[in-house]
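In: predicted model and sequence follow; I will ask about them next.
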Amino acid sequence: MQLLVSVRSADEAQIMGRYPIDRLDLKEPLHGSLGATSVDTWQDVVPTWHERFGVSIALGELLDGPDASYVPQQTDSIKVGLSGCRGLSDWPDQLRLLYESAPESVSRVAVYYADQQYAGCPLFEEVLEVAQHLACETILVDTFGKLTGTVLNLLSESELISMRNAVHAINCQFALAGSIQIDDLPAVKTIHPDIVAVRSAMCLADRSSQICEQQVAKFLNSFHESHVVTAQQ
Ligand SMILES: O=C[C@H](O)COP(=O)(O)O
């Protein structure tokens, strides 16, 4: 399992650069679950860190009309939320156009929100079908309403394992996020996603507050312990 941490600024990227994580994600939590940071932040962080981490960029929600044309060339991947797309016939086309506006080398992440009804996003099976059609490399299961608990309150371990298997069946990576905390790590270990994505667990208070090194160290200890146990099994 790889660990991805969402940061909102060059300063937070600098902090995470001191820790053994696998991926960095640029996201502004005040702008929503997949809120975008500024283009200036992309252009500051991606060139500085891309040789050390795969750096992904969150672009916000598809229906808000995000722009991927300024995504830096060295960006690992882009992701966008599909809230409000349930029942719309043209969201796959809108998604394709967005992906195509990014540099060709940037890989594509398709996102399914676990609080699907609240988010009004397409069903998991629909996201999977479109993701396959659009050559996405990763499927991320995340939460839209960050106040409704963790992803594990919304989907059972067995549902998430089935989702992971369905994602692997189309040769994509399975990424899991949604307010995952230290106490959730045993369940996460059982689900065994390819990528575990966190922000809240690294922050001083809620996910909109700043990243706190004490929290980072605590989470990483637990994560790497559970990871070692997994590797020995
Ligand atoms: O991509 C990962 C998300 O930023 C996770 O954030 P969260 O742990 O606050 O849900």
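Out: Everything's here; your move. Residues are numbered from 1 along each chain as shown.

In: tell me how many other residues surround residue 100.
Out: Neighbour count for residue 100, taken as other C-beta atoms under 10 Å: 11. For every residue, glycine as well, the C-beta is placed using N, CA and C.

In: lowest average confidence, helix or strand, in this protein?
Out: With mean pLDDT, DSSP states H and E as the measure, the helix or strand of the chain carrying the lowest mean pLDDT is helix 213-232 (a mean of 78).

In: against which helices or strands is that one packed?
Out: Under the contact criterion of 3 or more C-beta pairs under 8 Å, 6 or more residues apart in numbering; DSSP states H and E, helix 213-232 touches strand 2-7, helix 10-16, helix 185-191.

In: what ranges do the helices span in the protein?
Out: When assigned using DSSP state H, the helices of the chain occupy the ranges 10-16, 39-49, 91-101, 116-119, 124-133, 151-154, 157-169, 185-191, 213-232.

In: for residue 74, find the nearest of these.
Out: In terms of C-beta to C-beta, the element of the helices of the chain nearest to residue 74 is helix 39-49, at 5.4 Å.

In: could you tell me the angle between the closest one and strand 2-7?
Out: Orientation check (axes from the mean of the first three to the mean of the last three C-alpha atoms, to 10 degrees): helix 39-49 against strand 2-7 gives 140 degrees.

In: which residues are in contact with helix 39-49?
Out: Residues lying outside helix 39-49 but in contact with it, judged by C-beta atoms under 8 Å, 6 or more residues apart in numbering, are 7-10, 13, 17, 24, 26, 55, 57, 70-72, 74-75.

In: then stretch 153-173?
Out: 112, 114-115, 124, 128, 131-132, 136-139, 141, 143, 148, 151-152, 174, 176, 178, 187, 190-195.

In: near the ligand, list only the ones from the residues you listed.
Out: The subset of these within reach of the ligand, counting by C-beta under 6 Å from any ligand atom, consists of residue 178.

In: of the contacts of stretch 153-173, grab the buried ones for PyMOL.
Out: Restricted to the buried members of the contacts of stretch 153-173, where burial is judged by 16 or more other C-beta atoms under 10 Å, the PyMOL selection command reads as follows:
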select buried, resi 112+114+115+124+128+131+132+136+138+139+141+143+151+152+174+176+178+191+193+194+195
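
In: return the residues of this structure in contact with the ligand.
Out: When proximity is defined as C-beta under 6 Å from any ligand atom, the chain approaches the ligand at 6, 25, 27, 146, 177-180, 197-201, 207.

In: residues touching residue 103, list them.
Out: Residues counted as contacts of residue 103 (C-beta under 8 Å, 6+ apart) are 71, 72, 73, 75.

In: would you check which pair of the residues you listed lies furthest apart?
Out: Largest separation among the contacts of residue 103 by C-beta to C-beta: 71 and 73, giving 8.1 Å.

In: between the two ends of stretch 7-24, how far is it?
Out: Taking C-alpha to C-alpha, to the nearest Å, the span from the opening residue of stretch 7-24 to its closing residue is 7 Å.

In: stretch 37-57: how far from the chain's middle?
Out: 15 Å (C-alpha atoms, centre = their mean, to the nearest Å).

In: repeat for stretch 105-119
Out: Between the mean C-alpha point of stretch 105-119 and the mean C-alpha point of its chain there is a distance of 8 Å (C-alpha atoms, centre = their mean).

In: contacting residues around the nearest residue to residue 22 once chain neighbours are set aside?
Out: The shortest distance from residue 22 to any non-neighbouring residue, by C-beta to C-beta, 6 or more residues apart in numbering, is to residue 2 (3.8 Å). The neighbours of residue 2, taking C-beta under 8 Å, 6+ apart as the test, are 22, 23, 194, 195, 196.

In: gap between residue 2 and residue 125?
Out: According to C-beta to C-beta, to the nearest Å, residue 2 and residue 125 sit 25 Å apart.
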